[in-house]
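Trainee: Task: produce atomic coordinates for the following.
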Amino acid sequence: MGPGSTGYKQAARPEALDQLVDHLLAAAPWLDCASYEQDIRGSHDVFDAVIAAMTARAAAQGQTFPAGEADLAAARTEGWIAIPDAPVSRLRETSAGELIGCPGGTSPVRFWRGRGSGSL
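Mentor: Below you'll find the predicted structure:
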C-alpha cells in the first residue's frame, strides 16, 4: 500500500496512519478532503472507507484486475475483491479519458458523515 502501511490500525502506531494519509494525498493531489482530512487521519475505519470508495471507482472505470477464467464461477457466487491495476491518478479520468474533480470542482469520490455529506 505504501510507506508506513504496517500496523496502521494499531493504537500504539498513530504515525503509521498519518504516513499513509500523507502518501495518499501526495499520490492524489486532486483528492479534496476539505474538512474531512482530520477524520481520515484520526480513524483507520474512515481511511479504509476512503480506500474502498476509491477502489469502487477504479472498478467502475475498468481499472482493476478482472477475475480469471478459473475464478469466474466462484466470483459470480461469492463476489470478487477488486484490486486496482492503474495508478491512483487515473481515477480522475472518465471512461472517455476526460478529467473530473479539480481544480475547483468536486472530487470523483463522495462520502457521507452523519447528516452532512462531502466530497473527497
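
Trainee: Gln63 - how many residues pack around it?
Mentor: Other residues within reach of Gln63, judged by other CB atoms under 10 Å, total 19. Heads up, the C-betas are built off the backbone N, CA and C, glycines and all.

Trainee: hang on, Ser35 in a helix?
Mentor: Yes - with DSSP: H, G, I helix; E, B strand; the rest coil as the criterion, Ser35 is part of a helix.

Trainee: That one and Val46: what is the separation?
Mentor: According to CB to CB, to the nearest Å, Ser35 and Val46 sit 13 Å apart.

Trainee: try Ala26
Mentor: Counting by CB to CB - Ala26 and Val46 are separated by 19 Å.

Trainee: likewise Met54?
Mentor: If you go by CB to CB, the gap between Met54 and Val46 works out to 13 Å.

Trainee: Which element, helix or strand, includes Ala52?
Mentor: In this assignment (DSSP states H and E), Ala52 forms part of helix 44-60.

Trainee: model confidence over stretch 85-103, on average?
Mentor: Stretch 85-103 carries an average pLDDT of 66.

Trainee: cool, stretch 53-62 as well?
Mentor: 89.

Trainee: Only alpha carbons, please: show it as PDB.
Mentor: Only the C-alpha atoms of stretch 53-62 are listed here, as PDB (Å, rounded to 0.1, in the frame of the first residue of the first chain):
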ATOM      1  CA  ALA A  53     -14.600   4.200  -2.300                       C
ATOM      2  CA  MET A  54     -11.500   4.800  -4.500                       C
ATOM      3  CA  THR A  55     -11.300   1.100  -5.300                       C
ATOM      4  CA  ALA A  56     -15.000   1.100  -6.200                       C
ATOM      5  CA  ARG A  57     -14.400   4.000  -8.600                       C
ATOM      6  CA  ALA A  58     -11.400   2.100 -10.100                       C
ATOM      7  CA  ALA A  59     -13.700  -1.000 -10.600                       C
ATOM      8  CA  ALA A  60     -16.400   1.200 -12.200                       C
ATOM      9  CA  GLN A  61     -13.800   2.600 -14.500                       C
ATOM     10  CA  GLY A  62     -12.400  -0.800 -15.500                       C
END
